[in-house]
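Peer 1: A predicted structure for the sequence below; I have some questions about it.
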Amino acid sequence: MQAITFSRPATFALLLAVLAGCATPQTRMPTVDSAAMQEETRKQREMVVEDYMNSYRRLQAVASRIVMSGTELCAEKVGPYYGLTAWSREDFGKEWHDVVQSRFSVSDVASISSVAPGSAADQAGVKAGDVVLSVNGWTPPAGKGAVDKLMEKLAQEGKFGMPLEMVVRRGAEEVKVSMMPGQACDFRVRLSPDDVKNAYADGQNIVIYKGMMDFFHTDEEVALVVSHELAHNAMKHIDAKKTNAMVGGLVGLLLDVAAAAGGVNTNGDFMRLGSNMGAGVYSVAFEQEADYVGLYFMANAGYKIDDAASFWRRMATTNSRAITMKSSHPTTPERFIAIETTVEEIRQKIGSGQPLKPELKHASSEMAREEVQAIPH
Ligand SMILES: [Zn+2]
């Protein structure tokens, strides 16, 4: 502000003097050796990849328990299940390929990234790190889409009561395995590397963000969010949502709307994207249903549900807007109380040995209500 009283060259000289005075450090600091820095850069990059891989395996371990035990609630969305996931170098950004391959031995062909305990793959002795050489005589391609193509093949070949023959490379050895598929809710679980505290379901996939994984304190919290997203898919909320969105003429926004519909919605990112026009009509009810049915998925998988409601208190501390802001999602106090009530309902069923199935609306009362509504007032 003072500068306006000086002529231009004087101002410039003063600025230089000020900058020079401020910009020169006063202490004798250690010099950074460039070879040591390169080494440290590499180490930190390895840690990033390792952290992602650990999150991924943790997510898959929890999710596999839920999809395997939730078949009754998934109805016709149940398919043959081998309990393996795969990745390749291509699943990581290009700048990570070198680290992923040299440090973690993940190349451009699909290798097994996780094996669900008790699944077909586990029983057949498949191990994480196995490189898939063939599936029923078919050779998986390398490069972009390697994992998707392998997963498509597994889905195609997967038949109840029919063993699937796979050849894998384990170290220097080639190993033949024969997997008899079990069954599970037929949705893929993915981990997005983005540092966003959110999750969503799109009718086919359950996507959890790395930022969300980092927020979870316990496996029960992982299970709570996976179960919530699984419930959206199992109850076909997204299909219904798409129909609503079409009616609203939002075809171009479908993905975003689907994300808004299915999301845990912790920080409003998807809400801004999806904006909820047209598709917002049933959102709160769908979210409440995903919370309700999700707890049944969780309980069926044997996860402790007692602290489920507290998760929403913790969520409120990081997004205070969600305490009072009513949007496509219930507020965090609403969620807390509704979940407490559901936990009590499930506790009573466990106590009296009843099957853990969500309560359905009574068909006849539903009809009666429609009749009442049909009468003009
Ligand atoms: Zn949701």
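Peer 2: Arrived safely, thanks for sending.
Peer 1: can you name the residues of this protein sitting close to the ion?
Peer 2: When proximity is defined by Cβ under 5 Å from the ion, the chain lies next to the ion at 287, 290. In this view, the C-beta of every residue, glycine as well, is placed from N, C-alpha and C.
Peer 1: tell me the domain boundaries of the chain?
Peer 2: Residue ranges for the structural domains of the chain, counted by automatic domain parsing, are given in the record as 78-185, 218-374.
Peer 1: what's the end-to-end length of the shortest one?
Peer 2: One end of domain 78-185 sits 4 Å from the other (Cα to Cα, to the nearest Å).
Peer 1: determine the three-state secondary structure at residue 175.
Peer 2: Three-state assignment for residue 175 (DSSP: H, G, I helix; E, B strand; the rest coil): strand.
Peer 1: if you average pLDDT over the host helix or strand of residue 156, what comes out?
Peer 2: Under the criterion DSSP states H and E, the helix or strand holding residue 156 is helix 146-157. Regarding helix 146-157, the rounded mean pLDDT is 96.
Peer 1: now it: buried residues?
Peer 2: Neighbour-count burial for helix 146-157, counted by 16 or more other Cβ atoms under 10 Å, picks out 146, 147, 149, 150, 151, 153, 154, 157.
Peer 1: ok, stretch 310-318 next?
Peer 2: Within stretch 310-318, the residues that count as buried by 16+ other Cβ under 10 Å are 311, 312, 315, 316.
Peer 1: lowest average pLDDT across the domains of the chain?
Peer 2: When I compare the domains of the chain, domain 218-374 is least confident, with a mean of 74.
Peer 1: ok, residue 338 - contacts?
Peer 2: Residue 338 makes contact with 288, 291, 292, 330 under the criterion Cβ atoms under 8 Å, 6 or more residues apart in numbering.
Peer 1: my bad, should have said residue 331
Peer 2: Residues counted as contacts of residue 331 (Cβ under 8 Å, 6+ apart) are 322, 323, 324, 325.
Peer 1: so which of the buried residues of stretch 310-318 belong to strands?
Peer 2: Filtering these for membership in strands, criterion DSSP state E, returns an empty set.
Peer 1: could you dump those into CSV and include distance to residue 54?
Peer 2: Listed next are these as CSV, based on distance: Cβ to Cβ, whole Å:
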residue, distance to residue 54
311, 21
312, 26
315, 23
316, 28
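Peer 1: ok, these vs residue 119, which is closest?
Peer 2: residue 311 (27.2 Å; Cβ to Cβ).
Peer 1: tell me how far that closest one lies from the ion.
Peer 2: 13 Å (Cβ to the ion, to the nearest Å).
Peer 1: do residue 187 as well
Peer 2: Computed with Cβ to the ion, the distance linking residue 187 and the ion is 14 Å.
Peer 1: cool, residue 149 as well?
Peer 2: From residue 149 over to the ion the distance is 30 Å, taken as Cβ to the ion.
Peer 1: now swap in residue 306 and tell me
Peer 2: Distance from residue 306 to the ion, by Cβ to the ion: 21 Å.
Peer 1: ranges for the strands of the stretch 201-350 of the chain?
Peer 2: Taking DSSP state E, counting those that start in this stretch as the criterion, the stretch 201-350 of the chain contains strands spanning 205-209.
Peer 1: which stretches of it form helices?
Peer 2: Listed in chain order, the helices of the stretch 201-350 of the chain (DSSP state H, counting those that start in this stretch) span 210-215, 219-234, 237-247, 254-262, 269-274, 283-300, 308-318, 321-324, 332-351.
Peer 1: now the shortest one: buried residues?
Peer 2: Translated: helix 321-324. Within helix 321-324, the residues that count as buried by 16+ other Cβ under 10 Å are 322, 323.
Peer 1: find the nearest non-adjacent residue to residue 238, please.
Peer 2: Take residue 238 and drop its neighbours on the chain: the residue closest to it by Cβ to Cβ, 6 or more residues apart in numbering is residue 203, 3.7 Å away.
Peer 1: what about that neighbour, neighbour count?
Peer 2: When neighbours are counted by other Cβ atoms under 10 Å, residue 203 registers 18.
Peer 1: and it, its phi and psi?
Peer 2: With angles defined as degrees, to the nearest 10, residue 203 sits at phi 100, psi -30.
Peer 1: surely it is in contact with residue 230?
Peer 2: No - counting by Cβ atoms under 8 Å, residue 203 sits too far from residue 230 to count as a contact (11.6 Å).
Peer 1: joint contacts of the two?
Peer 2: Taking Cβ under 8 Å, 6+ apart as the criterion, residue 203 and residue 230 do not both touch any residue.
Peer 1: surely residue 57 is in contact with residue 116?
Peer 2: No - the pair residue 57 and residue 116 fails to qualify as a contact (Cβ under 8 Å) at a distance of 10.5 Å.
Peer 1: with neighbour numbers in mind, choose between those two.
Peer 2: For residue 57 versus residue 116, the count of surrounding residues by other Cβ under 10 Å is larger for residue 116: 22 against 16.
Peer 1: the more buried one and the ion, how far apart?
Peer 2: Distance, residue 116 to the ion, using Cβ to the ion: 24 Å.
Peer 1: got it, and residue 227?
Peer 2: Residue 227 sits 11 Å away from the ion when distances are taken as Cβ to the ion.
Peer 1: tell me how many other residues crowd that residue.
Peer 2: For residue 227, the tally of surrounding residues (other Cβ under 10 Å) stands at 31.
Peer 1: name the SS class of residue 125, please.
Peer 2: For residue 125, the assignment made with three-state DSSP gives coil.
Peer 1: residue of the stretch 1-150 of the chain nearest the ion, please.
Peer 2: residue 66 (15.3 Å; Cβ to the ion).
Peer 1: and residue 193, which of the domains of the chain is closest to it?
Peer 2: For those, the distance to residue 193 is smallest for domain 78-185, at 7.8 Å, taking Cβ to Cβ.
Peer 1: what separates that closest one from the chain centre, distance-wise?
Peer 2: 20 Å (Cα atoms, centre = their mean, to the nearest Å).
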